[in-house]
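Peer 1: For reference, the sequence and a predicted model appear below.
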Amino acid sequence: MHRRSFLKRTSIGVAGIAALAGCSDDPGSETDPEPEDVPDIDGPDPDEEPEEPSLPEGFDRIENVIDHGADPSGEESLVPVLDSIDPDGAIVYLPPGQYRMDDSWKAEEFERIGVVGVDATIVPDPGTETFLFSLDGRAHSTAIRIEGLTFDYSHSDAGSRMLHLMARDDLLVRDVTATGTVKHGPGLVRVDVIEPDGEGLVDRLRLPDGAAVGSGITGCYVGNDNRGNITFRDCRIEGFPDNGLYADPPEGSITVDGGYFANCGISNVRVRGDSVVRNVYVRCDDDRRDFDNMRGIRLTDYEPQDTPEPAVVENCRVDMLDVTHSDGAIELSGQLARGTVRDTHVRINADDVPAFNAKRPDPVFEELGIQPNVDMENVTIEGSAADGEAIAIVGRNECVFEGLDIHQTGQNRGGITFNESTDNVVRNTRIDVTGEAIVLDDSETETFDVDVIGGNGRIDAQ
């Protein structure tokens, strides 16, 4: 086999592809949405009169921290008050106010525990690097609920982890917000669901102000003790140097449904195999911070699996407009054998950044007799990026690309590059690039109804 390029074909066979995922004939004709135009990830209506929470099923009482001597003015620490309350079976209620925390509140021996705030703001002492709410239910918990809290990191020396939660099952985090850029300390949120059939939901987690350059802070992390299934719904995470959502634990599955993720280093959304990222908007448009590898969505396993399941990206939008550098808008790492991308729109204006990058698989897959591959369907790639290629495939065979519309206007921009990749199929696809449309480097690919536009105008039929 040898290097071969496909430059211009005369077949049509792609009617309607320009309509996919909001694609236009001219990638410059669609206005890039401004950050303020992204869907709001709102919590409760601020105009509503705050009410004491109702008692959820399975809980037996509400413990109002004010009744236990808490100071809602923020002068006195909340920690001794929390330590004085027996939280098992209780909803610990924080009424409107500011609550100072100078240390960690730890709870371990419980079955059910909840913390619910209404207009309640937690203010960690400057310099604190502890886990503020550390709830370890690995022994015998049946539910952990955290709702309606805001954590204020506006101080110039603000740090500490907001939530460190380990639940066997029934984990709920809802309407939790951080304000202010975090300067130091551990990642802001860690969640683990311990039981393999356990479920967790993180709903409307809002971390819009990120963390300082060089701090190595992650927005939200699914820990190595996780074995269950966690859904992240309508979250907003921006500006963290070490992953926005870092969710590739050794076991379990992750669903990211909706939300906005922007300008994070390493990756904005990172999930393992057997996970789904859907209805998500990822945007990188800020190259001023010295963040490493501003990838959009990273699909990777904690380590290669002997029974791998694909990670799926569907109905997403990824915009890579300005980055420090990046391996790709969507990257499939060598540790994950299989990935699927469908019904997704990618805009690349950053030069030499691929829209999709499938890296060389770990050699262990060949030893196990596992065939790493990629499936892409109904994917639109557009923008003004120069150099490199829109799609890069290395060392993966039997890949299928169907219904793609690739339109890249920058100089020397290629379409699809296959490297050491055989038995692939590209069908019902339109490729409009300034460089080579399809490059085969020690590879084999069949094409059906592929319309190639641009390049140097030569027709090179297979």
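Peer 2: Sure thing, it's come through.
Peer 1: end to end, how far does stretch 65-79 reach?
Peer 2: End-to-end distance of stretch 65-79 (C-alpha to C-alpha, to the nearest Å): 11 Å.
Peer 1: Then stretch 277-288?
Peer 2: Start-to-end span of stretch 277-288 (C-alpha to C-alpha) is 27 Å.
Peer 1: now swap in stretch 421-441 and tell me
Peer 2: Stretch 421-441 stretches 8 Å from its first residue to its last (C-alpha to C-alpha).
Peer 1: contacting residues for the closest residue to residue 119 other than its chain neighbours?
Peer 2: Spatially, and ignoring its direct neighbours in sequence, residue 119 is nearest to residue 96 (3.7 Å; C-beta to C-beta, 6 or more residues apart in numbering). Yep, even glycine has a C-beta here, placed from its N, CA and C like the rest. Shown in contact with residue 96 (C-beta atoms under 8 Å, 6 or more residues apart in numbering): 50, 72, 118, 119, 120.
Peer 1: before we move on, what about residue 210?
Peer 2: With contact set as C-beta under 8 Å, 6+ apart, residue 210 has these partners: 181, 182, 219, 238, 239, 240, 263, 264.
Peer 1: What distance do you get for it to residue 153?
Peer 2: Distance, residue 210 to residue 153, by C-beta to C-beta, to the nearest Å: 10 Å.
Peer 1: if we can go back for a sec, nearest to residue 76, out of the contacts of residue 210: which one, please.
Peer 2: residue 182 (23.9 Å; C-beta to C-beta).
Peer 1: Tell me, how many residues neighbour that closest one?
Peer 2: By other C-beta atoms under 10 Å, the residues close to residue 182 number 27.
Peer 1: surely it meets residue 215?
Peer 2: Yes: with contact defined as C-beta atoms under 8 Å, residue 182 reaches residue 215; the gap is 6.9 Å.
Peer 1: thinking again about what came up before, may I see the contacts of residue 210 organised as TSV, with pLDDT added?
Peer 2: Below are the contacts of residue 210 laid out as TSV (pLDDT from 0 to 100):
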residue	pLDDT
181	96
182	95
219	98
238	98
239	97
240	98
263	98
264	98
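Peer 1: Just the ones of those residues in strands?
Peer 2: Using DSSP state E, residue 238 are the members of those that sit in strands.
Peer 1: How far does the top helix by length along the chain sit from its chain's centre?
Peer 2: The residue-count maximum for a helix in the chain (DSSP state H) belongs to helix 79-84. Counting by C-alpha atoms, centre = their mean, to the nearest Å, helix 79-84 is centred 35 Å from the centre of its parent chain.
Peer 1: try stretch 207-222
Peer 2: 13 Å.
Peer 1: Could you list the buried residues of stretch 293-304?
Peer 2: Across stretch 293-304, burial judged by 16 or more other C-beta atoms under 10 Å covers 293, 294, 295, 296, 297, 298, 299, 300, 301, 304.
Peer 1: Show me which pair in the contacts of residue 96 is furthest apart.
Peer 2: Spatial extent of those (C-beta to C-beta) is set by the pair 50 and 72 at 12.2 Å.
Peer 1: For those two, list the residues in contact with both.
Peer 2: Counting by C-beta under 8 Å, 6+ apart, the residues touching both residue 50 and residue 72 are 95, 96.
Peer 1: three-state assignment of residue 342?
Peer 2: strand (DSSP: H, G, I helix; E, B strand; the rest coil).
Peer 1: do you know how far the closest residue to residue 69 other than its chain neighbours is from residue 141?
Peer 2: Beyond its immediate neighbours in the sequence, the residue positioned closest to residue 69 (C-beta to C-beta, 6+ apart) is residue 81, lying 5.7 Å away. Look at residue 81 and residue 141: by C-beta to C-beta, they are 22 Å apart.
Peer 1: These two: which has the busier surroundings?
Peer 2: Counted by other C-beta under 10 Å, residue 81 and residue 141 do not tie: residue 141 has more neighbours, with 27 against 20.
Peer 1: for the nearest residue to residue 404 once chain neighbours are set aside, what are its contacts?
Peer 2: Spatial nearest neighbour of residue 404, excluding adjacent residues (C-beta to C-beta, 6+ apart): residue 429 at 4.3 Å. The neighbours of residue 429, taking C-beta under 8 Å, 6+ apart as the test, are 14, 17, 401, 402, 403, 404, 405, 406, 447, 449, 450, 451.
Peer 1: Of the residues you listed, keep whichever come out buried.
Peer 2: By 16+ other C-beta under 10 Å, the contacts of residue 429 give 14, 17, 401, 402, 403, 404, 405, 406, 447, 450, 451 as buried.
Peer 1: Point out the least confident one among those residues.
Peer 2: Lowest pLDDT of the buried ones among the contacts of residue 429: residue 17, 26.
Peer 1: same question for the helix or strand hosting residue 92, mean pLDDT?
Peer 2: Here residue 92 sits within strand 90-94, counting by DSSP states H and E. What strand 90-94 shows for mean pLDDT is 97.
Peer 1: any idea which helix or strand comes after it?
Peer 2: Counting by DSSP H and E, what follows strand 90-94 is strand 97-101.
Peer 1: can you list contacts of that next one?
Peer 2: Against strand 97-101 from outside (C-beta under 8 Å, 6+ apart): 65, 70-79, 119-125, 128, 132, 152, 160.
Peer 1: mind checking pLDDT for residue 53?
Peer 2: 84.
Peer 1: Settle it for me: which of residue 50 and residue 72 has more neighbours?
Peer 2: Shown here are residue 50 and residue 72; by other C-beta under 10 Å, residue 72 has more neighbours (18 against 14).
Peer 1: Would you enumerate the residues in contact with the more buried one?
Peer 2: 66, 95, 96, 97, 98, 99.
Peer 1: and if we set it to 6 Å?
Peer 2: When contacts are counted by C-beta atoms under 6 Å, 6 or more residues apart in numbering, residue 72 touches residue 97.
Peer 1: What of residue 408?
Peer 2: By C-beta under 6 Å, 6+ apart, residue 408 lies in contact with 385, 390, 433.
Peer 1: Selecting buried members of those residues in PyMOL, what would you type?
Peer 2: A single PyMOL command selects the buried members of the contacts of residue 408 (16+ other C-beta under 10 Å):
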select buried, resi 385+390+433
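Peer 1: Which of the contacts of residue 408 sits closest to residue 351?
Peer 2: residue 385 (5.4 Å).
Peer 1: Was I right to think the closest one contacts residue 355?
Peer 2: No: Residue 385 lies out of contact with residue 355 (C-beta atoms under 6 Å); the separation is 8.4 Å.
Peer 1: who touches both of these two?
Peer 2: In contact with both residue 385 and residue 355: residue 348, using C-beta under 6 Å, 6+ apart.
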